[in-house]
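# Pasting the sequence and the predicted coordinates here, then a few questions.
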Amino acid sequence: MKSLNSRIHLAVYIVFVLMASTSFLGAQTHLLNVSYDPTREFYEEYNRLFAQHWKATTGQDVIINQSHGGSGKQARAVIDGLEADVVTLALAYDIDAIAQNGGLLDKNWQSKFPDNSTPYTSTIVLLVRKGNPLGIHDWDDLIRPGIKVITPNPKTSGGARWNYLAAWGYALRKSGNNEQGARDYVKKLFANVPVLDSGARGATTTFVQRGVGDVLIAWENEALLALKEFGSDKFEIVVPSATILAEPPVAVVDSVARKHGTEKVAHAYLEYLYSPEAQELAAKYYYRPRLKSIADKYASVFHKVNTFTVEEGCGGWQNAQAKHFSDGGTFDQIYGK
Amino acid sequence: MLAYLTVIVLIPLTAILLHAARLGFAGFVRTVTAPRVMASYRVTLGSAAVAALFSGLFGMLLAWVLARYSFPGKRMVDALVDLPFALPTAVAGISLTALYAENGWIGRYLEPHGIHVAFTPAGIVMAMSFVGFPFVVRSVQPVLEDLDPAMEEAAASLGANVWQRFSRVIFPVALPALLTGTALAFARAAGEYGSVIFIAGNMPMKTEITALLIVTKLEEYDYSGAAAIAGAMLALSFAVMLMVNLLQWWVQRREGKRL
């Protein structure tokens, strides 16, 4: 019995030594990309593309691991110690939070890559059932009595914050910058929301698979993916007259990369997102490419939209967060007494 | 044993209270008594109470059937009872929602009659009952199995009818275990997050459970607020558990006197 025990111990020990030595001796570099939910498929393919590119230019192997989840949750995981070399999240506010709460990266992170550190963009559109039986054409139709609108909870979902700000920005413009007008609009809008899912994917499921609701407010990439997955014979996309330009940003988590010695490859990993190859890949996964030539090539995929940015619509993320989504903000007031 | 309890239970609980303490007393009270938070206690504890009663009733019935009758597939049913213990709760939530949604297998027959389950408090009760009833079955079943049939036979021979045999002989013996099981089912239901979140609809003031508000606070990077609500929920749950334990103690004492 004793010899068996010691043999097991030896075996366990050997396994550990092997595991330890492979991770130390291996010439491979490991990179962890912490991202949000709908980017899963895109980054799986991009990682392969980048690994080839890195091998071709430097001769080094790089293995990229990815982690996905709700954007806010992912930011919290990084603050709490998940060692991400790079983060690619749904909104700038979440990376700001990492800079503020964790001090893991520079406060001016957003100026380190072109286009506000957002290599691809998306926008917020409306998904309705085929034939658009209720004649939903713009934001105003969503507050008609009896229309059921599906959108996730902006307190728990990054995507839902884009939805909310798109609606807010539209209403604000329509009422001639009268904030009360915008408040009334979102109040009526959320009175028509029967279910508040906690994440964007959950809301898509509620609308597409559970058959709840008449219209889904969604990321354009999520809506296009839903059309592809569930058939364009069941749903159609309605582009509202004005909507928000959603800019999901990327950043190197400086202190983690420094610790891992991966600063150079992490930087290259994000920079390569702006290359024609990567931009084409982004377009393939329904993210709007920044590069003009690729954007033109895929012009038929993306609807023409009239967009405003968070800065134009709401004065930036910090303002938007404080005003709308913090405790007691405009969203809480909708449900308050 | 005590060290084990300290590491597993007491230290995390202390951490919650320390986190919450950062708010100060006034801040703590304001956070845990905000209207939306109060509404969530009502939703959570109310649904958990209904679910626990439901679990108690049907758990008792199922335990009785499993203890007293033999039928083909009994082992199978016996094993199925444990399934909610093992199933990831998110799976339970997603399956229940799929069943009870407007276009679901069951929902499509209920909706025309105006019965809405998914995205209403009824859905919350449904999910909570699902995760709670095995506690009742597993608490009551061994007691019923140990109950000597001779006692019932004696009662029958003395002229007790079925109802009298149940209410005078079986029920008093099973009652302490039933209370334990129901209390556990309640505790589990009050703390449930994974399965409820999919079916609740999560509407503020109506179907928003307390656990979701805690997650919401975390999303706002408001760790202290989250800890405060967690602490309040802890206190409420503890109060309910204490009440049930006192009740159980009282029942046992009373039964002890009578026997």
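Yep, that arrived. Not measured: the values here are computed from a predicted model.
# give me the element A:Ile244 is part of.
Element membership of A:Ile244, judged by DSSP states H and E, is strand A:243-246.
# Now the helix or strand that that strand is followed by: buried residues?
Using DSSP H and E, the helix or strand that follows strand A:243-246 in sequence is strand A:250-252. Of the residues in strand A:250-252, A:250-252 count as buried by neighbour count, 16 or more other Cβ atoms under 10 Å in any protein chain shown. For every residue, glycine as well, the C-beta is placed using N, CA and C.
# State the distance from A:Ala160 to B:Ala92.
Distance, A:Ala160 to B:Ala92, using Cβ to Cβ, to the nearest Å: 25 Å.
# Same question for A:Val253.
36 Å.
# Between the two, tell me which one has more neighbours.
A:Val253 (27 against 22; other Cβ atoms under 10 Å in any protein chain shown).
# Which pLDDT does the model give that one?
For A:Val253, the pLDDT comes out at 95.
# how close does it sit to A:Val87?
With Cβ to Cβ as the criterion, A:Val253 and A:Val87 are 6 Å apart.
# Now do the shared contacts for those two.
Shared contacts of A:Val253 and A:Val87, defined by Cβ atoms under 8 Å, 6 or more residues apart in numbering or on different chains, comprise A:78, A:98.
# Out of the buried residues of strand A:250-252, which is nearest to B:Ala20?
Relative to B:Ala20, the closest of the buried residues of strand A:250-252 is A:Ala251; by Cβ to Cβ it sits at 32.0 Å.
# so how far is A:His30 from that closest one?
From A:Ala251 over to A:His30 (counting by Cβ to Cβ), the distance is 18 Å.
# how many other residues sit next to residue 84?
Here I'm looking at chain A. What A:Ala84 shows, counting by other Cβ under 10 Å, is a neighbour count of 27.
# meant chain B, my bad for not saying
B:Pro84, neighbours per other Cβ under 10 Å, totals 18.
# who touches the closest residue to A:Leu227 other than its chain neighbours in this structure?
Of all residues not flanking A:Leu227 in the chain, A:Phe235 sits nearest, at 5.9 Å (Cβ to Cβ, 6 or more residues apart in numbering or on different chains). Counting by Cβ under 8 Å, 6+ apart, A:Phe235 touches A:127-130, A:208, A:223, A:226-227.
# thinking again about what came up before, same question for the strand holding A:Ile244, mean pLDDT?
Mean predicted confidence for strand A:243-246 is 93.
# which parts of the stretch 1-150 of chain B sit against chain A?
B:35-36, B:97-98, B:101-104, B:118-119 (Cβ under 8 Å from any Cβ of the partner chain).
# what about stretch A:270-277, how long is it end to end?
13 Å (Cα to Cα, to the nearest Å).
# and that stretch, which residues are buried?
A:270-275.
# Tell me which residues touch residue 209, please.
Chain wasn't specified; assuming chain A. With Cβ under 8 Å, 6+ apart, A:Gln209 has these contacts: B:Ala98.
# think we crossed wires, I meant chain B
B:40, B:43-44, B:47, B:124, B:192-193, B:196-197, B:200, B:202.
# and the residue nearest to it when sequence neighbours are not counted, how many residues sit next to it?
Spatial nearest neighbour of B:Ile209, chain neighbours left out: B:Thr44 (4.7 Å); criterion: Cβ to Cβ, 6+ apart. For B:Thr44, the neighbour count with other Cβ under 10 Å is 26.
# Assign B:Thr44 to helix, strand or coil.
The three-state label given to B:Thr44 by DSSP: H, G, I helix; E, B strand; the rest coil is helix.
# Surely it is in contact with B:Thr210?
Yes - the criterion here is Cβ atoms under 8 Å, and B:Thr44 meets it with B:Thr210 at 4.6 Å.
# could you say which helix or strand contains A:Ala218?
Assigned by DSSP H and E, A:Ala218 falls in strand A:215-219.
# now B:Gly181
Going by DSSP H and E, B:Gly181 is part of helix B:171-191.
# for the record, mean pLDDT for that helix?
On average, helix B:171-191 scores 91.
# follow-up on the earlier one: buried only: go through the residues of the stretch 1-150 of chain B next to chain A for me.
B:36, B:97-98, B:101-102, B:104, B:118-119.
# In strands, which of those appear?
In strands, defined here by DSSP state E, there are no members of these.
# ok, so of those, who is nearest A:Asp106?
B:Arg36 (36.3 Å).
# Touching, the closest one and A:Gln333? I think so.
No - using Cβ under 8 Å, B:Arg36 is not in contact with A:Gln333, being 11.2 Å away.
# mind listing what residue 128 touches?
If you meant another chain, say so; for now it's chain A. So A:Val128 contacts A:134, A:136, A:214-216, A:235-238 (Cβ under 8 Å, 6+ apart).
# switch to chain B, that's the one I care about
B:47-48, B:51-52, B:188-189, B:192, B:195-196.
# One more pass at 6 Å, please.
B:Met128 makes contact with B:47-48, B:51, B:189, B:192, according to Cβ atoms under 6 Å, 6 or more residues apart in numbering or on different chains.
# What strand or helix carries it?
Going by DSSP H and E, B:Met128 is in helix B:121-146.
# how far is that helix from where the chain is centred?
7 Å (Cα atoms, centre = their mean, to the nearest Å).
# List the buried residues of that helix.
B:121-141, B:143-144.
# Equivalent analysis for stretch B:193-204, please.
With the criterion 16+ other Cβ under 10 Å, stretch B:193-204 contains buried residues B:194-204.
# Which of these fall within strands?
Using DSSP E, none of the buried residues of stretch B:193-204 sit in strands.
# Also within reach of chain A: list those from those residues.
Here is what survives when these are matched to chain A using Cβ under 6 Å from any Cβ of the partner chain: B:201-204.
# For those residues, could you give me JSON lines that also reports pLDDT?
Shown next, in JSON lines, are these (pLDDT from 0 to 100):
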{"residue": "B:Gly201", "pLDDT": "86"}
{"residue": "B:Asn202", "pLDDT": "88"}
{"residue": "B:Met203", "pLDDT": "88"}
{"residue": "B:Pro204", "pLDDT": "87"}
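# Could you point out which of those residues is nearest to A:Ser175?
Nearest to A:Ser175 among those, with distances taken as Cβ to Cβ, is B:Pro204, at 24.8 Å.
# What is the neighbour count of the closest residue to that closest one other than its chain neighbours?
Nearest residue to B:Pro204 in three dimensions, chain neighbours excluded: A:Tyr335, at 3.8 Å (Cβ to Cβ, 6+ apart). Neighbourhood size, A:Tyr335 [other Cβ under 10 Å]: 18.
# And A:Tyr335, how far from A:Phe190?
Taking Cβ to Cβ, one finds A:Tyr335 at 7 Å from A:Phe190.
# Pull the number of nearby residues for A:Lys323.
A:Lys323 - counted by other Cβ under 10 Å - has 15 other residues nearby.
# OK, contacts around B:Ala90?
So B:Ala90 contacts B:Gly194 (Cβ under 6 Å, 6+ apart).
# Next, the angle from whichever helix or strand it is part of to helix B:121-146.
Assigned by DSSP H and E, B:Ala90 belongs to helix B:89-100. Interaxial angle, helix B:89-100 versus helix B:121-146 (axes from the mean of the first three to the mean of the last three Cα atoms, to 10 degrees): 120 degrees.
# Toward the C-terminus, what is the element adjacent to helix B:89-100?
Helix B:89-100 is succeeded, C-terminally, by helix B:107-110 (DSSP H and E).
# list the buried ones in that next one?
Counting neighbours by 16+ other Cβ under 10 Å, the buried set in helix B:107-110 is B:107, B:110.
# in chain A, which residue is closest to the centre?
Chain A has A:Ala90 as the residue nearest its centroid, 2.9 Å off, counting by Cα atoms, centre = their mean.
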